[in-house]
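Asks: need coordinates for the below:
(one chain, ligands or ions: 1)
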Amino acid sequence: MPETPVLYVLNGPNLNLLGVREPEVYGHATLAEVQALCEQAADGVTVVFRQTNHEGELIDWVQEAREKASALVINAAGYTHTSVALLDALRTLTIPIVECHLSNPSARERYRHRSYISPVAAGVVSGFGPFSYELAVKA
Ligand code: DQA
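Replies: Residues are numbered from 1 along each chain as shown. Alright, predicted model coming up:
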């Protein structure tokens, strides 16, 4: 655990397209704007904010968070609903994990109802657009 708290905010596939991707579902804010919101909400805590389209890279970053982070906010996007490997990586963490989504997956298609993240999350924030991230960071 680092001396000064570090919060990792990790983002999964397609979130780099925020703002242009299905804006009726995900809104108009870009990922850079979401990052700025997180940094503001973190109130002095160092934020490491990253996005990847690759499952293995996301897992590498979770393992890195195990060494370097005091807490983890994760929007695993599509991997939320598919990745046992990501769950296995998250299980190795002892720091608090907050699962975060812009939309509310439970109110959407059935295949989005199952989350592999929720069993290891201290809490879940979903459905509030970029404000979900702000709440997750505050939590
Ligand atoms: C998402 C919800 C997921 O179901 C979806 O695959 C995403 C984004 C969200 O933030 O609402 O890519 O995690």
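Asks: near the ligand, which residues of this protein?
Replies: Contact residues, the chain versus the ligand (Cβ under 6 Å from any ligand atom): 14, 75, 77-78, 80, 101-103, 105, 112. For every residue, glycine as well, the C-beta is placed using N, CA and C.
Asks: for Phe128, state which of these is nearest.
Replies: Distance to Phe128 across the residues of the chain next to the ligand (Cβ to Cβ) is lowest for Leu102, with 7.7 Å.
Asks: and the residues of the chain next to the ligand, which of them are buried?
Replies: Neighbour counting by 16 or more other Cβ atoms under 10 Å classes 75, 77, 80, 101-103, 105, 112 among those as buried.
Asks: in TSV, list those residues along with pLDDT and secondary structure.
Replies: Putting these into TSV (pLDDT from 0 to 100; DSSP: H, G, I helix; E, B strand; the rest coil) gives the following:
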residue	pLDDT	secondary structure
Asn75	98	strand
Ala77	98	helix
Thr80	98	helix
His101	98	strand
Leu102	98	coil
Ser103	97	coil
Pro105	97	helix
Arg112	97	helix
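Asks: tell me what the helix or strand containing Leu37 is packed against?
Replies: Leu37 is part of helix 31-41 when elements are defined by DSSP states H and E. Under the contact criterion of 3 or more Cβ pairs under 8 Å, 6 or more residues apart in numbering; DSSP states H and E, helix 31-41 touches strand 6-11, strand 46-51, helix 130-138.
Asks: how big is the angle separating the longest one from strand 46-51?
Replies: Computed by axes from the mean of the first three to the mean of the last three Cα atoms, to 10 degrees, the angle separating helix 130-138 from strand 46-51 equals 140 degrees.
Asks: deepest-packed of the helices and strands packed on helix 31-41, please.
Replies: Greatest average neighbour count among the helices and strands packed on helix 31-41 goes to strand 6-11 (a mean of 24), per mean count of other Cβ atoms under 10 Å.
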